[in-house]
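Asks: output the structure for:
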Amino acid sequence: MRIIKQLLYVFLGGLLVGGAGAIAVFASLSRPAFFPEHQKQLFAVQAVDTMKYSRDISGQVLDNPAAFKKMIDEQMRLIEDVGATHVAIATPYDERFIPVLSLWVASARAHHLSVWFRGNFSGWEGWFGFPRIARAEHKRLLAAFIKKHPSLFKDGDLFSPCPECENGGPGDPRRTGEKEGYNNFLIEERDIALREFEALGKSLEVYTTMNGDIARDIITPASAKALGGTVLIDHYVSSAERFGNDVRTIAKKLDAKVGLGELGAPIPDLNGNMTPLAQANFVRALLDTLYVQNESVPLVSYWTLTGGSTAIVNDDGTPRPAYFVLKDYYTAPYVYGTIMDSLGEPLSDVAVTVASTTYSVKTDGGFYQLFLPPGYRTIVVEDSAEYPGVTFALSNDIGTSTQRNVYLKPAHPSLWYKIRALFYGKKA
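Replies: As a prediction, the model looks like this:
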């Protein structure tokens, strides 16, 4: 009987739309669901910064680097456990500090973390008593550093030649007025780094990171494009609302993706002092503003793990509440599946949204995927021209991922749709 029904289905389809078209439709309805590779975490790069230890005390570590290994390993354990993909290491690139940098990198590898090299040459800002250097010397040192130390780098690492470059060299372009020179230097340094990594056969992303005001006022859209179409801002503000607005405004002005090279709280001059609970609530609010625009935010890095007012781990190694807030987002579970019509045909360009947010994706070949930190469990499949939408809720305990396929019934099914439903059968 089933064979007869299928033959009749094809025959009727041939009468209505032509035999070849009917066979193609029948075949498409018979194919199994296909899911593309899932994104594994909310942000493509999720990092935690170690500057207060990997840079600020690196001079002390020089006398006996191995003595600090236990402390470094413990920091890496905490960063791995919070769900980070990368650790930001700010040890200077000078030859003198290579033993210290190597210690941090080795620990990162042992804890399955990629490295974001976020140091600089000490002479750029005059760290550790080094004499100041100019741009030409910085470029020379950059090429020599990468070329001399290939074993430091692995595919998937990130590299920043000159983080917050406005803090050293010839000075802040907002004061010097040297906007063009600043833009050109950042581009030249990125090109040098990429060229050297290519010569080593290494695949690293090279990112430029700067203060938010520099991105807004100094960087041009042409420069943002030359920097790979992504700029990273180190950004601290008094409110989460302003934080989210600034990210959107800079992205729109530069026609580029904007990542967070640094975010954190509290900064006492901006936020005052905060209790651990108040810090956690503020950090959650910051991350929420990035969550709803996560598809255009390629990188998020919390500054800093421990040491300083924004620390999420106490000096004794115990996590603060904000640590677990960061973990909520870095390890957020996701829901995925296929949006189909009631015959099982995948539907493209259907909007799927997390309720009460602006976080929305469009289906591609029917497929969708949404990340769901705590507090977000209701999904809205939006209305379209042909199909009324639906809303469904998930339980709080959904593990790391859960599949939910959705079947939509057309509001006004055509005659051909009804015939297919009659002879092929509805999925829902």
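Asks: so where do the helices sit in the stretch 251-400 of the chain?
Replies: Along the stretch 251-400 of the chain, the segments classed as helices by DSSP state H, counting those that start in this stretch run 268-271, 276-291, 321-330.
Asks: residues in contact with the second one?
Replies: Applying C-beta atoms under 8 Å, 6 or more residues apart in numbering, the set of residues contacting helix 276-291 from outside is 42-43, 240-241, 243-244, 247, 260, 263-266, 271, 274, 297, 300, 302, 312, 320-322, 324-326, 328-329, 357, 359, 371, 373. C-beta coordinates here come from the backbone N, C-alpha and C atoms, glycine included.
Asks: if we can go back for a sec, the helices of the stretch 251-400 of the chain: which one's closest to residue 114?
Replies: Comparing these against residue 114 with C-beta to C-beta, the closest turns out to be helix 321-330 (13.9 Å).
Asks: just the buried residues of the closest one, please?
Replies: Applying a neighbour-count criterion of 16 or more other C-beta atoms under 10 Å, the buried positions in helix 321-330 are 321, 322, 323, 325, 326, 327, 328, 329, 330.
Asks: farthest pair within the residues you listed?
Replies: Of all pairs drawn from these, the one with the largest separation by C-beta to C-beta is 321 and 330; the distance is 15.0 Å.
Asks: among the contacts of helix 276-291, which are located in strands?
Replies: In this view, those that belong to strands under DSSP state E are 260, 263, 300, 302, 371.
Asks: quick one: which of these is most hemmed in?
Replies: Using other C-beta atoms under 10 Å as the contact criterion, the top neighbour count among the ones in strands among the contacts of helix 276-291 goes to residue 302, which has 30 neighbours.
Asks: circling back: between the buried residues of helix 321-330, which is nearest residue 419?
Replies: Relative to residue 419, and with distances defined as C-beta to C-beta, the nearest of those is residue 329, at 48.3 Å.
Asks: give me the neighbour count for the closest residue in space to residue 310 that isn't next to it in sequence.
Replies: Leaving out its chain neighbours, the residue that sits closest to residue 310 by C-beta to C-beta, 6 or more residues apart in numbering is residue 264, at 3.4 Å. Residue 264 sits with 27 neighbouring residues when counted by other C-beta under 10 Å.
Asks: residue 264 and residue 303 touch, don't they?
Replies: Yes - at 4.5 Å, residue 264 counts as touching residue 303 under the criterion of C-beta atoms under 8 Å.
Asks: stretch 180-195: how far from the chain's middle?
Replies: Relative to its chain's centre, stretch 180-195 lies at 23 Å (C-alpha atoms, centre = their mean, to the nearest Å).
Asks: tell me the mean pLDDT for that stretch?
Replies: Across stretch 180-195, the average pLDDT comes to 98.
Asks: the longest helix belonging to the chain: which residues count as buried?
Replies: As assigned by DSSP state H, the longest helix anywhere in the chain is helix 179-200. Across helix 179-200, burial judged by 16+ other C-beta under 10 Å covers 179, 182-183, 185-190, 192-194, 196-197.
Asks: circling back: and of the helices of the stretch 251-400 of the chain, who's closest to residue 363?
Replies: Each of those has some distance to residue 363 by C-beta to C-beta; the shortest is helix 276-291, at 20.1 Å.
Asks: okay, and the common contacts of residue 264 and residue 303?
Replies: Counting by C-beta under 8 Å, 6+ apart, the contacts common to residue 264 and residue 303 are residue 310.
Asks: pLDDT weak spots in the chain?
Replies: 1-35, 425-428 (pLDDT under 70).
Asks: domain map for it?
Replies: Using automatic domain parsing, the domains assigned to the chain come out as 1-31, 45-330, 333-424.
Asks: format these as JSON lines; extra columns: distance to residue 38.
Replies: Formatted as JSON lines, the domains of the chain follow (distance: least, C-beta to C-beta, whole Å):
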{"stretch": "domain 1-31", "distance to residue 38": "20"}
{"stretch": "domain 45-330", "distance to residue 38": "14"}
{"stretch": "domain 333-424", "distance to residue 38": "6"}
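Asks: so which of those domains gets nearest residue 37?
Replies: Closest of these to residue 37 is domain 333-424, at 10.1 Å (criterion: C-beta to C-beta).
Asks: what's the end-to-end length of that closest one?
Replies: One end of domain 333-424 to the other measures 36 Å (C-alpha to C-alpha, to the nearest Å).
Asks: again, but for stretch 256-269
Replies: End-to-end distance of stretch 256-269: 30 Å, with C-alpha to C-alpha as the criterion.
Asks: circling back to that earlier point, redo the ones in strands among the contacts of helix 276-291 as a markdown table? Include distance to residue 418.
Replies: A markdown table is the format used below for those (distance: C-beta to C-beta, whole Å):
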| residue | distance to residue 418 |
| --- | --- |
| 260 | 52 |
| 263 | 54 |
| 300 | 49 |
| 302 | 55 |
| 371 | 38 |
